[in-house]
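**Q** Fold the following, please.
(one chain, ligands or ions: 1)
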Amino acid sequence: MKKPNEMTIVEAARALRARSFSVRELWDACIEAIRARDGELHAFLEVFDADERAIAAAQARIEAEGDSAPLLCGIPLAVKDNILIEGKVASAASRMLANYRATYDATVVRKLKEAGALFLGRTNMDEFAMGSSTEHSAFGPTKNPRGLSRVPGGSSGGSAAAVAADLCVAALGSDTGGSIRQPAAYCGVAGLKPTYGAVSRSGLIALGSSLDQIGPLAKSVEDARILHDAIRGKDPLDSTTIPDGLYPQRTVPNTFRIGIPDFVNRTLLHSDQPLGMLAKKLTDDGHTLVDVALPTNQYALAIYYIIMPAEASTNLARLDGIRYGCAARGKTLLDDYVLSRTEGFGEEVRRRILLGTFVLSSGYIDAYYHKAQAARSLLRTEYEKAFEKVDVIMTPTALSAAFAFGEKKDPLSMYLEDLFTVTANLTGMPAISLPIGGGGQLPVGVHFTAPHQAENLLFGIGEAVGKAQGA
Ligand code: GLN
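**A** Down below sits the predicted model:
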C-alpha cells in the first residue's frame, strides 16, 4: 500500500474522495516525509506551517463538491523559490533576496490556491535559476534522492528531488534553458516546459524574459497535464501570455511520427542504450522514426548563452541595493551599488551579468546579440519546417545520467549540459522530459519537443512511452 505522500495527484484525489484519508492526513504524511528525509536531501529552503484554514476549506470543498471539486483540491505541492507566494520569502536561492518577502501571489499560485491546492514550502535551486546542478544555491546544494553522491540537476533541483523522494505530491519549477526538464531526468520524474506564453510569468523572478516558463514536475504524465491545465491561460498581468488557439490545433495521432534530429549521436539508438530500447519498443507499437535535419541546432548553445545572459543582466539590474533585498552602505551611491551587488550575488550570477553586459555593449551588440537573435529566428523556422513532417522530436534530455558533486567545476562543461534543452526555450516550443531506464541504475530522461501550443501531443507521446515501457 502506498503512503499518501507517495501517491500521484490522481491517486491522492481519488483517495480523498473515497475518504481513505483526510486532507490533513495527506498534509501530515508529506511533512513527516520531509522531516525524515530532507535533513540529508535539502530539497526545501523552508517548510511552511500548516495553513489550517486552507486545509479545512479544501476538506469541506471535497465533501461538498465530491467529483466536481478540482483534482488539485487538498493536494500539497512544493514551489520553486523564485515563484512568489504572498507573505512568504522568495529568495531565488540568493543572498541578495534572502529576506525578501513577496507582496503578492504569482498568477500560477493564485490559480492553484483557487483550485484548493496547498503549499508545503519553497524548494532549493541554483541562484536566480542559473545552473544545471543546484550547486550554485547560496544556501548549499540539494542531493539526488536516487543517489546521494549525485546532483539532482538544476536549476529546479529542489523541486525535482522533492517529487522523486515523495516529499510532496507534485511541484512547480521554472525553465529558461532546461531547468525543469534536466532535473526531472536526473531524478526520474516527469517535467514539462510549456509553450512560451502558455503560462503567466507574473510573479516569477525573471531570468531570461523571452525564455522563462513555469511548469510542472510530477510523478506521472497525467499529473503534469493536470498541473499544467490548472496554471495555464491568458493573463492580463503578463502581456506575453497567448490566447487559446493562437497556433493551429493538432490532434493526437494513434501512431506518432517521431523525428530524430541529425545531431543525436546514432550510438544512443543502439539496442543496449535506454533511448535505443525505447525507440525499438515505440516502433514495435507502430510509431515511426523519421530522420530530421536541423543544421542551425549546432549553434543553439551559443545563441542561448548570448541571449540568456543579456536578458539576465538586464533583469538583475533592478537589484541595486536600493529597492529590494541586500542593502550594503558605502560612502557614495556608487559604493552602495557595488557593495550590495558584491555581497548579494554569487560567482555564477556575476559571470553572467558580465557576459550579458558585454554582448549588449555598443561595440559588440551587432556582433553578438543581434547575430544571436537572427540565428534564433532561423532555428525557429527550421523547427517549424521539421514539424511539417513529424509530430514530435525525440532526443535524450541530457548527455548522461546525474553527475557527481564537483564534477563540472568548469562553467563551460556545465553549460554543455543544456545541449538538448535550450532549443525549446529559444523557439518557444513546448517540451517534456520523461524518465526511462532506471532499474537499479540512475534514471535518464527522454525528451520530446512539439509544435507551439501542442502540449496535447507531448501528453499523448507520454502515454505511448508509458505503454511501451509496460506502465
Ligand atoms: N542550465 C541552464 C542555465 O544555466 C538553464 C537554466 C534555467 O532553465 N533556468 O542557464
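**Q** any idea which helix or strand carries Ser137?
**A** Of the helices and strands defined by DSSP states H and E, none includes Ser137.
**Q** Next up, the contacts around it.
**A** By CB atoms under 8 Å, 6 or more residues apart in numbering, the contact list for Ser137 reads 93, 124-127. For glycine as for every other residue, the C-beta is placed from the backbone atoms N, C-alpha and C.
**Q** ditto for Val47
**A** Applying CB under 8 Å, 6+ apart, we find Val47 in contact with 31, 34, 38, 120-121.
**Q** now with 7 Å?
**A** 34, 120-121 (CB atoms under 7 Å, 6 or more residues apart in numbering).
**Q** go on, Ser202?
**A** Neighbours of Ser202 in contact, by CB under 7 Å, 6+ apart: 106-107, 235, 237-238.
**Q** Let me know the closest of the residues you listed to Val444.
**A** Val444 has its nearest neighbour among the contacts of Ser202 in Ala106, at 31.1 Å by CB to CB.
**Q** Now do the closest residue in space to the closest one that isn't next to it in sequence: how many residues are near it, please.
**A** Nearest non-adjacent residue to Ala106, counting by CB to CB, 6 or more residues apart in numbering: Gly203, 2.4 Å away. When counting by other CB atoms under 10 Å, one arrives at 23 neighbours for Gly203.
**Q** Now do the contacts for Gly203.
**A** Per CB under 7 Å, 6+ apart, neighbours of Gly203: 83-84, 104-107, 109.
**Q** what secondary structure does the residue of the chain positioned farthest from its centre sit in?
**A** In the chain, counting by CA atoms, centre = their mean, Lys331 sits farthest out from the average C-alpha position, at 41.5 Å. The assignment at Lys331 comes out as coil when based on DSSP: H, G, I helix; E, B strand; the rest coil.
**Q** For Val338, see how far away it is.
**A** According to CB to CB, to the nearest Å, Lys331 and Val338 sit 11 Å apart.
**Q** go on, Asp175?
**A** For Asp175 relative to Val338 (CB to CB), the value is 32 Å.
**Q** ditto for Leu412
**A** 27 Å.
**Q** Compare these two and say which is more crowded by neighbours.
**A** A direct count of neighbours by other CB under 10 Å for Leu412 and Val338 places Val338 higher, at 15 against 9.
**Q** next one: phi and psi at the more buried one?
**A** Val338 adopts backbone torsions of phi -60, psi -50, taken as degrees, to the nearest 10.
**Q** ok, and the closest non-adjacent residue to it?
**A** Nearest residue to Val338 in three dimensions, chain neighbours excluded: Gly330, at 7.2 Å (CB to CB, 6+ apart).
**Q** isn't the one you found right up against Tyr337?
**A** No: under the criterion of CB atoms under 7 Å, Gly330 makes no contact with Tyr337, lying 8.8 Å away.
**Q** So these two - more neighbours on which side?
**A** Taking Gly330 and Tyr337 together and counting by other CB under 10 Å, Tyr337 has the greater number of neighbours (17 against 13).
**Q** Make sure the more buried one is indeed in a helix.
**A** Yes: using three-state DSSP, the assignment for Tyr337 is a helix.
**Q** which non-adjacent residue is nearest it?
**A** Excluding the flanking residues, the one nearest Tyr337 by CB to CB, 6+ apart is Asp320, at 5.3 Å.
**Q** mind checking how far stretch 374-392 is from the chain centre?
**A** Relative to its chain's centre, stretch 374-392 lies at 22 Å (CA atoms, centre = their mean, to the nearest Å).
**Q** no wait, stretch 43-56
**A** With CA atoms, centre = their mean, you get 22 Å for stretch 43-56.
**Q** Going forward, count from 377.
**A** Got it, the first residue is 377 from now on, which makes the last one we talked about stretch 419-432.
**Q** Neighbours of Ser396, how many?
**A** Ser396 has 15 nearby residues by other CB under 10 Å.
**Q** what about it, is that helix, strand or coil?
**A** Ser396 - assigned by three-state DSSP - is coil.
**Q** Roughly how far does it sit from the ligand?
**A** Taking CB to the nearest ligand atom, to the nearest Å as the measure, Ser396 falls 38 Å from the ligand.
**Q** Next one, pLDDT for that residue please.
**A** Ser396 is assigned a predicted lDDT (pLDDT) of 98.
**Q** what phi and what psi does the backbone show at it?
**A** With angles defined as degrees, to the nearest 10, Ser396 sits at phi -70, psi -30.
**Q** Quick check: the gap between it and Val640.
**A** 44 Å.
**Q** can you check Tyr680 too?
**A** From Tyr680 to Val640 the distance is 18 Å (CB to CB).
**Q** more neighbours, the two?
**A** Neighbours were counted for Tyr680 and for Val640 using other CB under 10 Å; Tyr680 has more, 26 against 20.
**Q** pretty sure that one contacts Val798?
**A** Yes: contact criterion CB under 7 Å: Tyr680 and Val798 qualify, at 4.0 Å.
**Q** name the element Arg400 belongs to?
**A** Using DSSP H and E, Arg400 falls in helix 399-417.
**Q** outside of that helix, which residues touch it?
**A** Contacts for helix 399-417 (CB under 7 Å, 6+ apart): 379-381, 388, 392, 420, 423, 426, 431, 434-435, 450, 452, 494, 496, 518-519, 521, 524, 537, 541-544.
**Q** ok, whatever residue of the stretch 377-526 of the chain ends up closest to the ligand - how many residues close by?
**A** Using CB to the nearest ligand atom, Ala505 is the residue of the stretch 377-526 of the chain that sits closest to the ligand, at 3.5 Å. Using other CB under 10 Å, Ala505 is surrounded by 30 other residues.
**Q** Alright, I will stop here.
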